[in-house]
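*Asks:* Give the three-dimensional model of this entry:
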Amino acid sequence: MKVKASREELAKQIKELEAKVAGNQKPDDAQDQCGLFYNLCLESAPFGIMVYDKTGTILIFNSELERISGYRKKEIPDVKTWIEKLYPDEEYRNLVIEERKKADSEKKLREREAIITTKSGDKSLCRFSSLLFDTGIRIVFIKDVAEQRLAQELLHESEERFQLLSEAAFEAIIIHKDGVLLKANDQFFNMFGYKPKELLGIQVVPKVIAKESVEFVKKQIESGTSIPYEAMGRKKDEEKFPILCHAKPIKYQGREVRVVAIRDLSYPKKAEQALRESEKNYRTMIDDTPALICRFLPDGTLTFVNNRYCSYFNKNRNDLVGQNFFQYIPKHARKQVRQHFTSLNQQESMTTYEHQVIAPDGTLRWQQWTDRAIFNADGKVTEYQSVGIDITELKDTEMALQESEEKFRTVAEQSPNMIFINKGGKVVYVNQKCEEMMGYKRDEFYSPEFEFLTLIAPENIERARSSFKKHSTGQEVEPCEYSLVKKKGKRIEAIITTKLINYEGARSILGIVTDISDRKKAENALKERDKKMEQQAQHLEEVNTALKVLLEHREQEKQELEENLLANIKKLVFPYLEKLDRGRLEAESRTYLDIIKSNLKDLVSPLVNRLSSNYLALTPTELQITDLIKHGKTSKEIAAMLHVSAKAVAFHRGNIRNKLGLTHKKINLQTYLQSFPK
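*Replies:* Residues are numbered from 1 along each chain as shown. Alright, predicted model coming up:
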């Protein structure tokens, strides 16, 4: 089996080919020169390229495709194996095969996206473009679009919670300040074999960079370069491996820091390519590549452009070749672009950078270019080959992300309410109001030892734990009142409103705390006043009830007194006055008797008008008989005492029962009369 060349062997072969071209070899060697050209194109391409014949045998499998898939060419002999390895799920694989059959029936360039499974088991979103030749050869271009999608996802997450770092990147990504590690994704810790607590917050360069590269990396950090550079990494177990670092300055938590993407280069870029097709097929492959490809002289004069380059600038190839490409670059960016490619040498022969270009409609767009210098046998640069892509959309996304982050910071820091973010039970963000209200500094909030439940009053801790448990299962929680405890022990009353968000790739809680201490004091004062007023009202009601009872009792006593007085007068006085009236009196005595009777009538007349006694309807004789019955006298004894017949007494007894409503009732008259007040 043929072994693929190592990276050093490949470089040696390229130099030998360049030397042959520079030495004007025989016409027979023209194919070697062509092979060198297309070999450089394949290796410079920022996307994977695979070529296979009609039997499914893979002829070309470039190193970028090895990086994307994790497989080497010798592991993927044919398309069937490729499909089985990249799509292990049978149902999803069948869908891909159906899509491929449709593509096989067409000869035009098709694009589609699919999620592949790399050798390491990771999922990666890739964009596929393919072209079928009449000879049965199919060329497939594969681009890892995870980074672009990641930027869009970061923007989306930032609108919800302003995401700072994505865990979805394939490279290791870190944020550091002068070499002190502030943030890193899981890929970084997995790449170097450390746990987060072993590296966060310390000077990380001596830990992850091999000794021979430490000084070089420190110089790169000090210079603030944004140009990618290679170095030797060092794992925790002391294993060394080559890495590619690409750093950029950003603002993080109000500080100027650097974000660095680190790519593992330990997979050798092998140059074993079996280009057996004619120059026409190679030319077609270059022309149909979705990237811009060109070659130019050291002064910027274009010597070759592909179809994509032509269509991008809306010009024919003849109109572009021989022209200087600097005319499409804004004046302010030309010096920097020239510095990028003129800085290349045999030790560092390739560079990647970004710059603006002038589009045919006059607008400014962004492109990313990878330049490779081509040297002659004397080591002098004769030409440059460059592969570029339009990154305007990515740049716009990055700008929108930055603006959204700045907007959140501005709003959060100026908010009159406390705003915090809790991730996994730990406080990872607080605004300035939290510091002012609770008495803690941000460093104290962010400390791994800080327990957020210390901010909750003891009587509210169980409720806070219950709410946190609901959030941890993906449930939202209604706003709730809590008593919070400041650092110095003073309490404040607050309403906490929480919302689930995605923060740094993990479910987190965004909280807004509103101080309602003054409102609670006012409510308590109002409740106390209402309670006192209620007590006073109840007391007044009780007093009024007592007075009403007393008045009713007094009125009843007064009425009973008047009734008794009237009844006694009619019963005890009038009967005897009538006897005197029927007797033989002298004129003067009768006069006095009349005066007495008249005065008594005048005296009792008002009482008769007001009272309604059971006795009022009885005549004086009936009243006299009633009194005697009440005292237990029989009818015979009453007749003897009143000097009347027993029949007369019986008649009066009948009238008395009738007036008292006792007719036809089996009620003893004496017992009934004794129930009345005297």
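*Asks:* Any chance you could list what contacts stretch 361-377?
*Replies:* Defining contact as Cβ atoms under 8 Å, 6 or more residues apart in numbering, one finds that stretch 361-377 is touched by 15, 18-19, 22-23, 40, 44, 46, 292, 330, 340-341, 344-346, 349-359, 381-392, 394-395. (C-beta placed from N, C-alpha, C; glycine too.)
*Asks:* can we see that at 6 Å?
*Replies:* 19, 22, 44, 46, 341, 344, 346, 349-352, 354, 356-357, 359, 381-392, 395 (Cβ atoms under 6 Å, 6 or more residues apart in numbering).
*Asks:* Just the buried subset of the residues you listed, written out for ChimeraX, thanks.
*Replies:* Selecting only the buried entries of these in ChimeraX, with 16 or more other Cβ atoms under 10 Å as the criterion:
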select :22,44,341,344,349,351,352,354,356,357,381,383,384,385,386,387,388,389,390,391,395
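*Asks:* which residue is nearest the middle of this structure?
*Replies:* The centroid of the chain falls nearest to I501 when counting by Cα atoms, centre = their mean (2.5 Å).
*Asks:* Could I get the pLDDT score of it?
*Replies:* Per-residue confidence (pLDDT) for I501: 87.
*Asks:* repeat for S517
*Replies:* 82.
*Asks:* what's the spacing between the lengthiest helix in the chain and its chain's center?
*Replies:* Across the chain, the helix with the greatest residue count (assigned by DSSP state H) is helix 517-568. From the chain centre to the centre of helix 517-568 is a distance of 58 Å (Cα atoms, centre = their mean, to the nearest Å).
*Asks:* Can you list the helices and strands that the helix or strand following that helix packs against?
*Replies:* On the C-terminal side of helix 517-568, the closest following helix or strand by DSSP states H and E is helix 574-582. Helices and strands touching helix 574-582, as assessed by 3 or more Cβ pairs under 6 Å, 6 or more residues apart in numbering; DSSP states H and E, comprise helix 620-630.
*Asks:* and N318, that one's in a helix?
*Replies:* Yes - counting by DSSP: H, G, I helix; E, B strand; the rest coil, N318 falls inside a helix.
*Asks:* what about it, neighbour count?
*Replies:* Counted with other Cβ atoms under 10 Å, residues neighbouring N318 total 9.
*Asks:* picking that back up, so the residue nearest to the centre of the chain touches L510, yeah?
*Replies:* Yes - the pair I501 / L510 is scored as a contact, 4.7 Å apart, by Cβ atoms under 6 Å.
*Asks:* my guess is P479 meets A494, correct?
*Replies:* No - using Cβ under 6 Å, P479 makes no contact with A494, being 10.3 Å away.
*Asks:* do you know how far D371 is from Q347?
*Replies:* 15 Å (Cβ to Cβ, to the nearest Å).
*Asks:* check contacts around H539.
*Replies:* Listed by Cβ under 6 Å, 6+ apart, the contact set of H539 is empty.
*Asks:* Now I58: closest residue in space that isn't a chain neighbour?
*Replies:* Y52 (4.7 Å; Cβ to Cβ, 6 or more residues apart in numbering).
*Asks:* Let me see the confidence value for the one you found.
*Replies:* Y52 is assigned 87 on the pLDDT scale.
*Asks:* List the residues that contact it.
*Replies:* Taking Cβ under 6 Å, 6+ apart as the test, what Y52 contacts is 58, 79, 138.
*Asks:* Enumerate the beta-bridge partners assigned to V387.
*Replies:* When bridges are called by DSSP bridges, V387 pairs up with I293, T370.
*Asks:* next one: I512
*Replies:* With DSSP bridges applied, I512 shows beta-bridge pairing to I419, T497.
*Asks:* Pull up the gap between it and V430, please.
*Replies:* Counting by Cβ to Cβ, the gap from I512 to V430 is 12 Å.
*Asks:* Looking at the two, which has the bigger crowd around it?
*Replies:* V430 (24 against 18).
*Asks:* Hmm, F420 and the more buried one touching each other?
*Replies:* Yes - counting by Cβ under 6 Å, V430 does reach F420; the two are 4.8 Å apart.
*Asks:* more crowded one of D371 and Q347?
*Replies:* Comparing D371 with Q347 by other Cβ under 10 Å, the one with more neighbours is D371, at 23 against 5.
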